[in-house]
Every structure is written in structure tokens, then in C-alpha cells.
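Undergrad: Coordinates for the following, if possible.
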Amino acid sequence: MADKVLDFSDIDQYLGKPIDSSPIREPIGNNDIRRWVHAMHYPNLAHFDRHFAAETKWGKLVAPQSFPIVIDDGHGSAPACVGRIPESHLLFAGDEWWFYEPRVFAGDIISNERIPFDYTVKNTGFGPTCFQRGDNFYRNQHGELLAKQRSTALRYSASAGGSTVNTAEFEEPEWSDDELAALEDRKFTWIQMLHDLGHGERWWDDVKVGDQLPERVFGPHTVASFTTEWRSYLFTTWGTLDRRELDLEALGFTKEMAGHENDPHMERINPELTDGAYIGPSRGHLFPKYARKIGMPRAYGYGASMGAWVTDFLAGWAGEHGMVVHSTAAYRGPALSGDVTIQTAEVVDKLLDDEGRHIVQVKHMMKSQKGTTMCTGVAEIKLPKKG
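TA: Numbers count the residues shown, from 1 in each chain. Below you'll find the predicted structure:
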């Protein structure tokens, strides 16, 4: 496909062909798991408290289902960012996940096979925009498939990004002490749900169509919280990966948004240029000046983290005897600094699937305190059946 403004045709040569990944150098550690759930605002004791974890069905600390995305550079977006689109920017636009039975524990080594899937071109607020998709297949050291992620990236004109930013959103909302105290009470309601369920079962039999899942609230987001998120992805730490060769300018990123992020050669010379927090396409998340160049009004969160929030929200409700088996998430708007994220979900169906699993289907949604929709999707959750 091609457009008179942006040429997308270079993508075609990569579709269906595996691309390089950046494998981790050491096995996963318990503190990698703890750091992840800490950063994702997910206080599930099974993932960070050794005493509680010893009493789970696994008998030890287990990683949350959202964890595989931690291990490779690009947090899932790499196979959705191939082919040269000159003078373009990229935003993470969505995820579809399939989860399988094996879980991740300390000592595991996770690998990722990445295959570009497809793309289509549509007109959006950025003008002609490429919706590009790519698949990630996460496996453990035994070759067992842990999860499949189909990520969607938006690639669009760099000039359009800067010209469409909403100047009315430059300033963060201010929260009074009383409002923050009330917010902490509201946030703890969902945490209390985790404690109340404990090691118990969330029975399929007891769930009814129309049931509302307990609301999950966290925030306000800050540059500090976004930085904590970024540092929990293993690839953002110096020396954790055998990094692939990557030329961001060759992909069409503008010079000021390219730099040496994930460059294996520069990492050995000056690693502060390579970890994505300060320089490169990811720095827009932490620096409003660069956020505004790609169409965001101020510092904003990571799309991959939003995907983890969805998985954790649903898996936390399901409990240790249930699991998310499939989910979709379309990212409609970012988590902006100063805003709060509110997650809700409704049970819309109950069924027995082709594998004989008892499934609850939910529609989930993520909004800010202003009512702005951030994410929508549908998920299937396996729950235990009585008897």
C-alpha cells in the first residue's frame, strides 16, 4: 500500500517472516517479578510475598500472567514496527493476548519469537495512519508456549503528530489532600477484594451474566510512576539482553526521536544514551517537550503497561484457581500524568468452550477521572466449576 503523503510499501517485505529478538542473558529472578508487580500497581501477595506464595497451589512465588512482556526489547511492539516509513512517529494502539497453562517462576528463561503479521491504512486525526500488527510468541526454556501477543502500532506523519496536540491538556489536574485521601480509600476497595479471596476459588457457578467486577482505581500517575514502570521492563536495564542490531532512523523515526535506544554498541560506550528513559523514541513518555512532538499534551504512560493493567485486573479477580485465557484491548487514549485510571468490567456471557473449560466472558473498560475512555476490550476468563 502507498499514500501520497506517507509510503508504507516497505513493510510488505517483512510480513510473515521472523525478525530478530533480544534474548535475556540470565534466568528470571524473584525480584524481577516483585519489581514488575510493584510498578504495575498490582499488590497480589502471590507475586511478591513468600509466605503467602508458599500456601498457593504453586507453593512458591509465581509471576503474574502479564509478566512475559517484560523480557524483550520493544515490549511487544517490535514486530508491529518493521519497514521504513519516512518521517514518522509511533504509538502503541492495542493488544490481543492468548494465555496458556505454563506459568513463569524464578529460574525460568523466556524467549520470544516475533513475526510481523499485517497492516492497513486508515485516515485518523493524524491523517493517513498505518495500523500495523505483529505477533510475539513467548516460550520458556522447555519450549512450552506461555502466551501469544498480537500488538498493534499506529505509525503516522511526524508533522501531523505535533500539529494535533491538545494544548488545553498541557497542565496536570490538581488534587487536594482530602481528594487524595478519599482516592486511597477507593483504591483499597479492590485491594481488599484480593485479600478477601485469598487462596479461595472464584466459582464459575456463582458468577452471573450482568455481574459487575469490583472497580479498580490507581493513580494519580506521575513522571515518577511512569519511570518506575519503565524500569521494571528488564530490557531497560543495562546489560540484561543480547541486544539485536536496530537502526531507528532507518525505520523512519525523526532524528530527535531516534537516537541510540537499545543500541548494543552504544550500550558498551555510553549506556545512558541507550535505555530509552532519557533519549530516543520512548523519552516522550517522561518529557512533555517530546510528548508534544508526537501528539501527547504531557507525560504519558506506556501502552504495554495498559495491557498489563487489563490482564492483572482480570486475573486478580479470577484468583489463583482461575486464569485469563484470551483478551483484547484497544487503547483509545493514554494515561496522562496527573490523571487517575479507573477499571471496570461486566460479565456478558458464560460458556463451556471447545476445550471443555468453564469460561466467563467480560467486557472491560478503562477511563480517567474525567470520564475519558482509555481502553476497551473483551476477555475470556477460565474459572473452576463446583463438583
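Undergrad: How about residues contacting the particular helix or strand that has Ser159 in it?
TA: With secondary structure defined by DSSP states H and E, Ser159 is part of helix 158-163. Applying Cβ atoms under 8 Å, 6 or more residues apart in numbering, the contact partners of helix 158-163 are Glu87, Ser88, His89, Phe126, Gly127, Thr254, Met257, Arg292, Lys293, Ile294, Gly295. In short, each C-beta sits where N, CA and C put it, glycine included.
Undergrad: then it to PDB, C-alphas only?
TA: Output of helix 158-163 as PDB, limited to C-alpha atoms (Å, rounded to 0.1, in the frame of the first residue of the first chain):
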ATOM      1  CA  ALA A 158       5.700  13.200  12.400                       C
ATOM      2  CA  SER A 159       4.500  16.700  11.300                       C
ATOM      3  CA  ALA A 160       0.800  15.600  11.900                       C
ATOM      4  CA  GLY A 161       1.700  14.400  15.500                       C
ATOM      5  CA  GLY A 162       3.000  17.800  16.600                       C
ATOM      6  CA  SER A 163       0.200  19.700  14.900                       C
END
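Undergrad: The contacts of helix 158-163 in strands, which ones?
TA: With DSSP state E as the criterion, strands contain Ser88, His89, Gly127 from among these.
Undergrad: Quick one: which of those is the most crowded by neighbours?
TA: The most crowded member of those, judged by other Cβ atoms under 10 Å, is Ser88 (27 neighbours).
Undergrad: Now do the SS call for Lys370.
TA: For Lys370, the assignment made with DSSP: H, G, I helix; E, B strand; the rest coil gives coil.
Undergrad: Wait, it touches Asp339, no?
TA: Yes: using Cβ atoms under 8 Å, Lys370 makes contact with Asp339 at a distance of 7.3 Å.
Undergrad: and the two? which has more neighbours close in?
TA: Asp339 (25 against 10).
Undergrad: Leaving out the residues flanking it, which one is nearest to that one?
TA: Leaving aside its sequence neighbours, Asp339 sits nearest to Ser368 (Cβ to Cβ, 6 or more residues apart in numbering; 4.5 Å).
Undergrad: For that neighbour, give the beta-bridge partners.
TA: Thr341 (DSSP bridges).
Undergrad: Contact partners for it?
TA: Shown in contact with Ser368 (Cβ under 8 Å, 6+ apart): Gly333, Ala335, Leu336, Asp339, Val340, Thr341, Ile342, Met374.
Undergrad: Helices along this structure, start to end?
TA: 30-39, 50-54, 158-163, 177-197, 223-232, 255-258, 264-269, 288-291, 303-318 (DSSP state H).
Undergrad: What residues of the third one count as buried?
TA: Yep, that's helix 158-163 we're talking about. Ala158, Ser159, Ala160, Gly161 (16 or more other Cβ atoms under 10 Å).
Undergrad: same check, this time on the fifth one
TA: For helix 223-232, the neighbour count (16+ other Cβ under 10 Å) marks Val223, Ser225, Phe226, Thr227, Glu229, Trp230, Ser232 as buried.
Undergrad: give the contact list for the residue nearest to the last one when sequence neighbours are not counted.
TA: Once its chain neighbours are removed from consideration, Ser232 has its nearest residue in Ala39; the separation is 3.5 Å (Cβ to Cβ, 6+ apart). Under the criterion of Cβ under 8 Å, 6+ apart, the neighbours of Ala39 are Thr228, Glu229, Arg231, Ser232, Ser305.
Undergrad: cool, and Trp317?
TA: Applying Cβ under 8 Å, 6+ apart to Trp317 gives the contacts Met193, Arg202, Leu213, Pro214, Ala345, Ile381.
Undergrad: Recalculate using a threshold of 7 Å.
TA: By Cβ atoms under 7 Å, 6 or more residues apart in numbering, the residues touching Trp317 are Arg202, Leu213, Pro214.
Undergrad: quick one on the thing from earlier: relative to Pro79, which of the helices of the chain is closest?
TA: helix 303-318 (13.3 Å; Cβ to Cβ).
Undergrad: ok, and the closest non-adjacent residue to the residue nearest the centre of the chain?
TA: By Cα atoms, centre = their mean, the mean C-alpha position of the chain lies nearest to Ala304, the distance being 2.0 Å. Using Cβ to Cβ, 6+ apart and skipping the chain neighbours, the partner closest in space to Ala304 is His75 (3.7 Å).
Undergrad: what residue ranges in the stretch 1-150 of the chain are flagged as low confidence?
TA: Within the stretch 1-150 of the chain, the ranges that satisfy pLDDT under 70 run 1-5.
Undergrad: Please repeat the previous calculation with a cut-off of 50.
TA: The stretch 1-150 of the chain contains residues with pLDDT under 50 at 1-4.
Undergrad: Who does Arg133 form a beta bridge with?
TA: Arg133 forms beta bridges with Asp118, Thr152, as assigned by DSSP bridges.
Undergrad: right, I mislabeled it, should have said Val360
TA: Following DSSP bridges, Val360 is listed with bridge partners Lys350, Ile381.
Undergrad: That one: neighbour count?
TA: 25.
Undergrad: how about it, what does it touch?
TA: Val360 makes contacts with Trp204, Val207, Val347, Lys350, Ile381, Leu383, as judged by Cβ under 7 Å, 6+ apart.
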